[in-house]
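Visitor: Fold the following.
(2 chains)
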Amino acid sequence: MSVRVHIPTPLRPNAGGQAIVEVDANTVGESLARLVEIHPAMGGKLFENGNLRRFVNIYVNDEDIRYLENLETQTKKDDEIAIIPAVAGG
Amino acid sequence: MDHWGNAVAESFVKGMKCRVCGKSYPVSPNNFCTDDFGPLEMDYDYESIREAISRSKIEMRTWNMWRYREFLPLDHEPTVGLHSGGTPLIKATRLGKALGFDDLYLKNDAVNFPTLSFKDRVVAVALSKAKEFGLKTVGCASTGNLANSVAANAAAAGLESYIFVPADLEKAKILGTSIFGAKVYGVHGTYDEVNRLCTQVAFKFGWGFVNINLRPFYAEGSKSMGFEIAEQLGWQTPDQVVSPMAGGALIGKVHKAFQEAYKCGLLNQVPKTRFYGAQATGCNPITDAVKTNRDQHKPVKKPNTICKSLAIGDPADGFFAAKLIRDSGGWGEDVSDEEIREGMIELAEYEGVFAETAGGTTVAVARNLLQQGKLSPHGKTVLLITGNGLKTQEAIMNNIEPPTHIAATLDAFEAVHVQNQEFPSLVKNTNKGNLLGV
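Guide: Numbering: from 1, shown residues only, chains lettered A, B, ... in the order given. Okay, the predicted model is just below:
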């Protein structure tokens, strides 16, 4: 299933300058893995020892994946996945 | 000469640095490391600050937050929020006695200028910096106090402002934002959803969001609360500080201020302050992390408390606040809405300070941690009072005794007065009885 991964502006140089990368995947984890296959520079930004980094949040259709099934969260066609830095607000 | 005739200081900022990996960045409107998403923090030349300032130099300056301007991240003199800070440190003898503290103080930012909360400090720095960057439009995600301050300061500075708040916020906080001509968006959702939306808006529109892309500058403003406390105690740091926690940045910045003051020669003794964090039980991600000894807080999806100003379920500085509390030998606790109301009333009845719900939370947590033996009754203890009770009247309205209505005659007054004199405890108990729900 094709989902759209939104790349935050400061990280776009690591994703060929693109704002949105379309990938085929059934879960959030797969979507990010596909993204890293296409744009390997994104790998070290998002993951550390195979885990999502502490200060990055991932949303599926504006819902935080920590309130869903984390990286196991199922995705369906045309879902929007957003990568958002966590160090904001307060 | 600056606005007040003080000698103009130079900038001591070297750049910005990631708090996780230490990577350096040039000064720009950006809040996170592009290698690991870690928060960026200001990097100062402390050696030069040490040479440039002294207690006596600071003491000659006007009594507001800018007397510590060498520690604040501007390249030029401030242009926004020139009268913020400089709030009272109150020796709270009566409240101290009631709670059981020997030497209790209140740092009262409920009377900060211009919008009656500690947020006036952070906004003064953020918007002064926004003007240095040449930004014309600013904004924030807010639980209310920040909204008030950004709107007021932006209005005075001639900046356009976009303010995003949860739609169910206290009326006074919405009104106190809209009055300044800000564009206010009541978002259907929690603060964390508002915050996520604002991050997306900031990326797309390139505006200066004070607590997003201007956050490294903004957060530094809170240090002025710490410098003031140290100076007001005669250039000493307190033994214990109890701080309310929402995003969790304030507690860390007060700690940082004490460390910087020592590093730059303003204090004789190494600060050994223990830091205690206060939250509402209906939104307690940081105190929960402390109590369960977890590194990373568990986010709270749907905060449920009258203390809306602290209702951040996924605090940006949660990790750092929990670590500081543990490392300093302090502790964290959260309290119920009833305890928060009781804390507000105690603060008002014993010290004449009408604080908002966050102040009630701080007082109630101080009481609770003293009873648990986590806070010591001895030594200097400072409670951080961060906002004004006039903004959160809904929270307390039903717990306050309504005025006695009488005819405009001396007889009518005397009849009621005699009754009250004979049964004074009745009046008092009614009040507390309502409060405790019995």
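Visitor: all contacts plus neighbour counts: C-alpha atoms, from now on.
Guide: Noted.
Visitor: Need the residues that contact the lengthiest helix in chain A.
Guide: As assigned by DSSP state H, the longest helix anywhere in chain A is helix A:28-38. Residues from elsewhere that reach helix A:28-38 (CA atoms under 8 Å, 6 or more residues apart in numbering or on different chains): A:3, A:5, A:21, A:23-25, A:42-43, A:60, A:70-75, A:81.
Visitor: what residues does the stretch 251-400 of chain B put near chain A?
Guide: Proximity of the stretch 251-400 of chain B to chain A (CA under 8 Å from any CA of the partner chain) is limited to residues B:301, B:312, B:315-317.
Visitor: Pick out the residue in the stretch 301-438 of chain B sitting closest to chain A.
Guide: Of all residues in the stretch 301-438 of chain B, residue B:316 sits closest to chain A, at 4.7 Å by CA to the nearest CA.
Visitor: hmm, which of the residues of the stretch 251-400 of chain B next to chain A are the buried ones?
Guide: Listed as buried from those are B:301, B:312, B:315-317; burial here means 16 or more other CA atoms under 10 Å in any protein chain shown.
Visitor: Look up the closest residue to the residue of chain A found nearest chain B, ignoring the ones flanking it.
Guide: Residue of chain A nearest chain B, by CA to the nearest CA: residue A:90 (3.9 Å). Spatial nearest neighbour of residue A:90, chain neighbours left out: residue B:247 (3.9 Å); criterion: CA to CA, 6 or more residues apart in numbering or on different chains.
Visitor: nearest to residue B:276, of the residues of the stretch 251-400 of chain B next to chain A?
Guide: When those are compared for distance to residue B:276 (CA to CA), residue B:317 wins out at 14.9 Å.
Visitor: Report the contact partners of the closest one.
Guide: Residue B:317 makes contact with A:87, B:247-249, according to CA under 8 Å, 6+ apart.
Visitor: who wins for most neighbours among the contacts of helix A:28-38?
Guide: The residue in the contacts of helix A:28-38 with the most neighbours, by other CA atoms under 10 Å in any protein chain shown, is residue A:81 (26 neighbours).
Visitor: per-residue confidence averaged over the strand or helix carrying that one?
Guide: Element membership for residue A:81 (DSSP states H and E) is strand A:80-85. Across strand A:80-85, the average pLDDT comes to 97.
Visitor: cool, and stretch B:70-77?
Guide: For stretch B:70-77, the mean per-residue pLDDT is 97.
Visitor: Straight-line length of that stretch, end to end?
Guide: 10 Å (CA to CA, to the nearest Å).
Visitor: to the chain's geometric centre, what's the distance from it?
Guide: The chain centre lies 21 Å from the centre of stretch B:70-77; the measure is CA atoms, centre = their mean, to the nearest Å.
Visitor: how about it: buried residues?
Guide: Buried residues in stretch B:70-77 (16+ other CA under 10 Å): B:70-74, B:77.
Visitor: Number of residues surrounding the residue in the stretch 51-200 of chain B positioned nearest to chain A?
Guide: Residue nearest to chain A within the stretch 51-200 of chain B (CA to the nearest CA): residue B:195, separated by 6.0 Å. Counted with other CA under 10 Å, residues neighbouring residue B:195 total 26.
Visitor: where does the stretch 1-150 of chain B come near chain A, residue by residue?
Guide: Counting by CA under 8 Å from any CA, the stretch 1-150 of chain B sits next to chain A at B:31-32, B:34-39, B:141-142.
Visitor: Quick one: name the residues of chain A near chain B.
Guide: So far as CA under 8 Å from any CA goes, chain A lies against chain B at A:8-11, A:44-46, A:53, A:55-56, A:67, A:84-90.
Visitor: who touches the closest residue to the residue of the stretch 301-438 of chain B closest to chain A other than its chain neighbours in this structure?
Guide: The shortest distance from residue B:316 to any non-neighbouring residue, by CA to CA, 6+ apart, is to residue A:87 (4.7 Å). Shown in contact with residue A:87 (CA under 8 Å, 6+ apart): A:55, B:31-32, B:37-39, B:212, B:316-317.
Visitor: Where do the strands of the stretch 301-438 of chain B begin and end?
Guide: Ranges of strands in the stretch 301-438 of chain B, per DSSP state E, counting those that start in this stretch, are B:332-335, B:380-385.
Visitor: which residues in chain A form helices?
Guide: Per DSSP H, chain A carries helices over the ranges A:28-38, A:41-46.
Visitor: Same list, the ones you listed, but as a markdown table with mean pLDDT please.
Guide: Putting those into a markdown table (pLDDT from 0 to 100) gives the following:
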| stretch | mean pLDDT |
| --- | --- |
| helix A:28-38 | 98 |
| helix A:41-46 | 97 |
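Visitor: Now tabulate these in JSON lines and tack on distance to residue B:110.
Guide: Formatted as JSON lines, those follow (distance: least, CA to CA, whole Å):
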{"stretch": "helix A:28-38", "distance to residue B:110": "45"}
{"stretch": "helix A:41-46", "distance to residue B:110": "41"}
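Visitor: For chain A, give me its nearest residue in the stretch 101-250 of chain B.
Guide: When scored by CA to the nearest CA, the stretch 101-250 of chain B has residue B:247 as its residue closest to chain A, at 3.9 Å.
Visitor: which residues does that residue contact?
Guide: By CA under 8 Å, 6+ apart, the neighbours of residue B:247 are A:89-90, B:310, B:312, B:314-318.
Visitor: Out of the contacts of residue A:87, list just those in helices.
Guide: Among the contacts of residue A:87, DSSP H puts none in helices.
Visitor: Show me what residue B:208 bridges to in the sheet.
Guide: residue B:138 (DSSP bridges).
Visitor: could you measure residue B:196 against residue A:86, distance?
Guide: Here the distance between residue B:196 and residue A:86 works out to 9 Å (CA to CA).
Visitor: got it, and residue B:317?
Guide: Using CA to CA, residue B:317 is found at 9 Å from residue A:86.
Visitor: Please apply the same query to residue A:75.
Guide: Distance, residue A:75 to residue A:86, by CA to CA: 22 Å.
Visitor: Could you do residue A:72 as well?
Guide: As defined by CA to CA, residue A:72 lies at a distance of 20 Å from residue A:86.
Visitor: Does residue A:39 touch residue A:17 like I think?
Guide: No: counting by CA atoms under 8 Å, residue A:39 does not reach residue A:17; the two are 10.4 Å apart.
Visitor: neighbour-wise, which of the two wins?
Guide: Remark: of residue A:39 and residue A:17, residue A:39 carries more neighbours, 15 against 12, as counted by other CA under 10 Å.
Visitor: give me every residue that touches the residue of the stretch 301-438 of chain B closest to chain A.
Guide: Residues in contact with residue B:316 (CA under 8 Å, 6+ apart) are A:86-90, B:247-249.
Visitor: Please repeat the previous calculation with a cut-off of 10 Å.
Guide: Going by CA atoms under 10 Å, 6 or more residues apart in numbering or on different chains, residue B:316 touches A:55, A:85-90, B:39, B:192, B:246-249.
Visitor: same deal with residue A:21?
Guide: Residues in contact with residue A:21 (CA under 10 Å, 6+ apart) are A:3-7, A:15, A:31, A:34-35, A:38-39, A:81.
Visitor: just the helices in the stretch 1-150 of chain B please.
Guide: B:46-52, B:55-59, B:93-99, B:119-132, B:145-157 (DSSP state H, counting those that start in this stretch).
Visitor: most packed of the ones you listed?
Guide: helix B:119-132 (a mean of 27; mean count of other CA atoms under 10 Å in any protein chain shown).
Visitor: What average pLDDT does it get?
Guide: Mean predicted lDDT for helix B:119-132 stands at 98.
Visitor: before we move on, back to that, unless I'm mixing things up, the residue of the stretch 51-200 of chain B closest to chain A is touching residue B:164, no?
Guide: Yes: taking CA atoms under 10 Å as the definition, residue B:195 is a contact partner of residue B:164 at 8.2 Å.
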